[in-house]
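**Student:** After the sequence you'll find the predicted model.
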Amino acid sequence: MALDGGVRQAFERVLDPADVISNPVKCRAYECDGLTGYRVVPELVLLPRDAAQVAAAVRVCAEHRVPFVARGAGTGLSGGALPVADGVVISLARLKRVLEVDPVNRRAVVEPGVTNLEITAAAAPHGLYYAPDPSSQQVCTIGGNVAENSGGAHCLKYGFTTNHVLSFEVVLPDGSVVTLGTDTGEQAGPDLRGVFLGSEGTLGITTKIVVRLLRTPESVRTLLADFPSVAAAGDVVSDIVAAGIVPAAVEMMDTLAIEAAEEAVHAGYTVGVPAALVVELDGPVEECDVQFEQVKEICDRHGCTRLHIAGSPEERAAIWRGRKAAFAAVGRISPDYFVQDGVVPRTRLAEVLGRIADMGADAGIRVANVFHAGDGNLHPLVLYSAAAGETERAEKLSGQIAELCVELGGSLSGEHGIGTDKACSMPKMFSRDDLAVMARVRSAFDPQGICNPGKVLPTPRLCGERPGKYKPHPLEEAGVIERL
Amino acid sequence: MTTSTTLRPDDLRSVRDALLDTAGTVSITGSGTAADWAGPLGPVDAVLDTTALTGVLTHNPGDMTVSVLAGTPLRTLAEELASHGQHVSFDAARVADGATVGGLVATADAGPAALVFGSLRDLVIGVTMVLADGTVSRSGGHVIKNVAGYDLAKLLHGSYGTLGVLVEVVLRLHPVPKRSATLVVDCSLDEAREHAASLLGGQYEPAALEWISDDGHGQLIVRIDGTADAVSGRLQRLREVLGSGARDASDTGPDAGPDSGADSGADPWARHAALVRGAPGLAVLRIGAKPSLLPGLITDLRADTVTAGLGTGVATVALDPEAVADAHALVHAAGGTSVLRTRPPGSDVPAWGPPPSALAVLKAVKNEFDPLGRFGPGRFAPWLVTPHDAEGSR
C-alpha cells in the first residue's frame, strides 16, 4: 500500500516542499545503511531543517500512522536505518550545528547531524575532547551514536556513548518534544535517558544532544607488539588486567587482518605474524610512564617477537591507521565479507577464536579477526565470494559466530546494534518474557508502533512465525542463574 | 489498612511467587537506609524485604565483572572482592551503613567517586527483575560491552521501588587503586570554586573533588588515585596549585606512601559522609546543577550543612524543612534537579520539584510495567498518582 497523496501534501505543508523527496531515483540513495545486504526504497525522504520541522513531520506521521525511520550518516552496520516499505525516512543531515561548547562545565550542545569527530574538533581549542570514538567517527553522527550507544577502541577505559551523554531533546513518536536526562548525573526519577540510549531509533528522534567533554590526556603511550600466537597475545591482555592496569585501548589483529591492513595502508605492521596487539595507555605522565614499563615487561614475558613503540604523534597515528583500516582493507584480500560484532567474556577470547577458526575450516570460509581485546568485543570478518556462490554459507557462518558468543556467556552485539540484521537472533540471548518486557518499553514510548518498526525485537513477519528457539544461557545450564 | 504482610523471598523463584501469591500494594525494601527518601510511602498491603536475597552468583576476576543478588550489602560484596584487588568504583555514604546493591540502584545514589566513574547507572551491566505481575525479565548481560536490546537497568536506576523488584545485578569492577591520597584546604566556597577551576582546567585528574561545610567551617577535599610513585609526584603538583594551605589528610591503599601519616587525625571523607547523612531536625535535599551554577545555588539556599561536588555538579544540603519548597523552585529555575532525602518525622515536606518534561513517558512506563500501581505508592507523588493513591485519598 503506497502512501496516499494527502500524506505527502501534509508533509509539504510543514516542510519546504523541496525538502520532501519522492523521486524514486533520489529515494534510492536512502535504501540501505552500512549493512548493504538489506535494501528497501522508502516512499518519501524528508529533509527537515530544524528541530521544529522534525517534530512537525513526526506529528504528520503520527496523525496518519505512517511509519518513519530516522537516519544520520547511514554508517550503521546492523540495518538500523533500513527504511520501511510504505514509510518515510527522516534525515537529520541538515541539523548539523554545534550549538555551544562550554569549557567551564566541560560539555557541548550539538545537533544530531554533527559528526562524532566534529565535536572533538570544536572542543580541541579548549584542551577537551569527546571520548567515544567509533571507527567511523569521521562520518558517523552523534544522533546515530546515541541511537546505537556507540563504543569505539577506547571504551574499555572511558565507556560508551551512554556514559558521555548527559541529556537530549527528543521528538517522541507522537510528535511531542521532551528532554531526557539532566545537567548532571543526578536524576529526578528513573533514567529514561539511559533506556533511550541504544534503543536504535525505535523510541524517538533526538534533535539536540548535550555531551560531556573530557580533558585531553596529558600523556599518551602507544605500542605495537607481535606475538607467536593469538593465545600468547591473549595472555598479555589478561596479565595487563591482572596488574591492575586499565589501558585506554587494547586491540588485537590476526594474520589475515594484518595482511589486509598492511597491504592497504602500509602502517608498519609485520606481515605474517600470528597476532599483533596495539596497547595504548593515557593519563598523567607519571602514571603512564610507570604502567608503560609494566606493559612492556608483560609483552616480553609472553614471547613478544617485535615491540614497536610510537615515538611521535605521527607514528601513533600510523599504528591506529593500520588498525582502523582493517575493516575496509579486507576488501583487498576478499571480494566480499560480513562483519560480526559479538562479545565474549575476555577470559574466553582464546577459546572463541579457536572455535571460530574450526567453524571457518569446516565451512571452507576464511575468517579474519580484528577486535577490541580489552573488552572481548570481536569483529570477525567472514570472507567470501558472492560470485563463487559462497554467500549463503558465509552468512550462516556469520550468524553462528554471533550465537557462539552468546553461548559463551557474551552478547550478540558489542557496538553495531541489533537492527534488522540480528533481530531474529535475539531469542538466542533473551527469553520470550525478556523480549515482551522490552516491547512494553517500546509501547510506552510508541503506542502506535510507527517508530522504526521491525528493528531490534524479532517479529513473526521478519523472522517467520517461529523465531529461533531459546537456548539456555550457560550460567543457567550451570545452575548459577535460573529462568523461571 | 493497618497491618501489612512481610515477604522475605530468598531467590528469584520465591520473589516471583511472592508477587503472584499476593494482591494489592507492595513496598520493596532493602536494609532500610533510604526508607524516607523521595515521596512518603503510602499504606501498603505487603512489604517485600530483599535482605534474604544475598550472595555472589558469579565472580570471574579475569573478566572484572560480578553478579550478585540484589539484597547483598555493597560493603559485604566489597569485602569479598578486596582479596582480588578489585572493587565497585562507587562510594555513596550509606554503603557504610549496609545499603544493598539493589537499594543503591533504585535510589540512584552516588558518592564523590562519581566524578570519574559516574553512578551505578554507569557500572551496572545487567539486571534480572520481577515485575508486579510476576514476569521475570533480564536485560544486559555479563560483558561490559553489550548493546543487545533495551537497557532496562537504567529504568530501575532511580525508580525508588516503583517499577520492579531487582533480584540480580551484574556489575562492572575496577582495580583498587594502589594508592589513594587526599589533600584538604580550609577555604570558603568562593576559594574552593577557584581551586576547582584550576584543577579541572589542568592535567591533575582528581579522583574526587568536594567542598564540605558545617558550622561555617568550609573545606575543599581533593583525592588522587594511582600508583605509589606516581602519586607522590602528582601530589606535589597539586600542592603547588592549592598553595600553602593544603594539608595531607589521608593516604591509603596497598602501596600507600611511608610519608602517608596525614597531618590531622580526622579523615575528611568520614566527615563528608556524615554531612551527606544530614542532621537531626533538618531536611536533606539532593540537588544537581551545572557545576558553574552550583556554588551560587548553594549560597542562595543558605543550607546548614553542605557537601558539594564541584566537578560533578551534585550537592547534598541540609535545610530547615520549611525551606524545602522554595529550594526545589530555586534549583529548578537554574535548570537543575532536586529530590528530598531525609524528612524530619512529622513534617510535610515536598519530595519533588516541578515535574520533568517527560512526565507523560514516565507515566506510560509505569502503566506498562505496573498497571495496577502495586509498587511503591506515593514515591513519586504528586507526579504519579496510581490507582491506589487515588483510592487512599478518597
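**Tutor:** Great, that's in hand. Numbers count the residues shown, from 1 in each chain, chains lettered A, B, ... in the order given.

**Student:** going forward, measure contacts between C-alpha atoms and count neighbours the same way
**Tutor:** Will do.

**Student:** Looks like residue B:132 contacts residue B:164 (just checking).
**Tutor:** Yes - using CA atoms under 8 Å, residue B:132 is in contact with residue B:164, at 6.4 Å.

**Student:** Mind checking which of these two has more residues around it?
**Tutor:** Between residue B:132 and residue B:164, counted using other CA atoms under 10 Å in any protein chain shown, residue B:164 has the larger neighbour count: 28 against 25.

**Student:** which residues are common contacts for residue B:132 and residue B:164?
**Tutor:** Residues touching both residue B:132 and residue B:164 (CA atoms under 8 Å, 6 or more residues apart in numbering or on different chains): B:369-370, B:375.

**Student:** From these, which land in helices?
**Tutor:** Among the shared contacts of residue B:132 and residue B:164, the ones falling in helices (DSSP state H) are residue B:369.

**Student:** Pick out the one among the shared contacts of residue B:132 and residue B:164 with the largest number of neighbours.
**Tutor:** Once you tally neighbours by other CA under 10 Å, residue B:375 ends up highest among these, having 31 neighbours.

**Student:** returning to that earlier point: tell me the one of the shared contacts of residue B:132 and residue B:164 nearest residue B:240?
**Tutor:** Distance to residue B:240 across the shared contacts of residue B:132 and residue B:164 (CA to CA) is lowest for residue B:375, with 53.0 Å.

**Student:** you'd agree the closest one is up against residue B:27?
**Tutor:** Yes - taking contacts as CA under 8 Å, residue B:375 lies within contact range of residue B:27: 5.9 Å.

**Student:** okay, and the common contacts of the two?
**Tutor:** residue B:161.

**Student:** is stretch B:334-353 anywhere near chain A?
**Tutor:** Yes - residues of stretch B:334-353 contacting chain A under CA under 8 Å from any CA of the partner chain: B:335-339, B:352.

**Student:** I'd like those residues written out as CSV, with secondary structure added.
**Tutor:** CSV is the format used below for those (DSSP: H, G, I helix; E, B strand; the rest coil):
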residue, secondary structure
B:335, coil
B:336, coil
B:337, strand
B:338, strand
B:339, strand
B:352, strand
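
**Student:** Neighbour count says what about those residues? Which are buried?
**Tutor:** B:336-339, B:352 (16 or more other CA atoms under 10 Å in any protein chain shown).

**Student:** who's the closest residue to residue A:390 other than its chain neighbours bridged to?
**Tutor:** Residue nearest to residue A:390 in three dimensions, not counting chain neighbours: residue A:384, with 5.9 Å by CA to CA, 6 or more residues apart in numbering or on different chains. On the basis of DSSP bridges, residue A:384 is bridged to residue A:336.

**Student:** how many neighbours does residue A:384 have?
**Tutor:** Counted with other CA under 10 Å, residues neighbouring residue A:384 total 24.

**Student:** Give me the contacts around stretch A:303-313.
**Tutor:** A:221-228, A:232, A:316, A:319.

**Student:** Tell me which entries of the residues you listed lie within strands.
**Tutor:** Mapping the contacts of stretch A:303-313 onto strands (DSSP state E) picks out A:221-227.

**Student:** closest to residue B:32 among the residues you listed?
**Tutor:** Nearest to residue B:32, judged by CA to CA, of the ones in strands among the contacts of stretch A:303-313 is residue A:221 at 46.9 Å.
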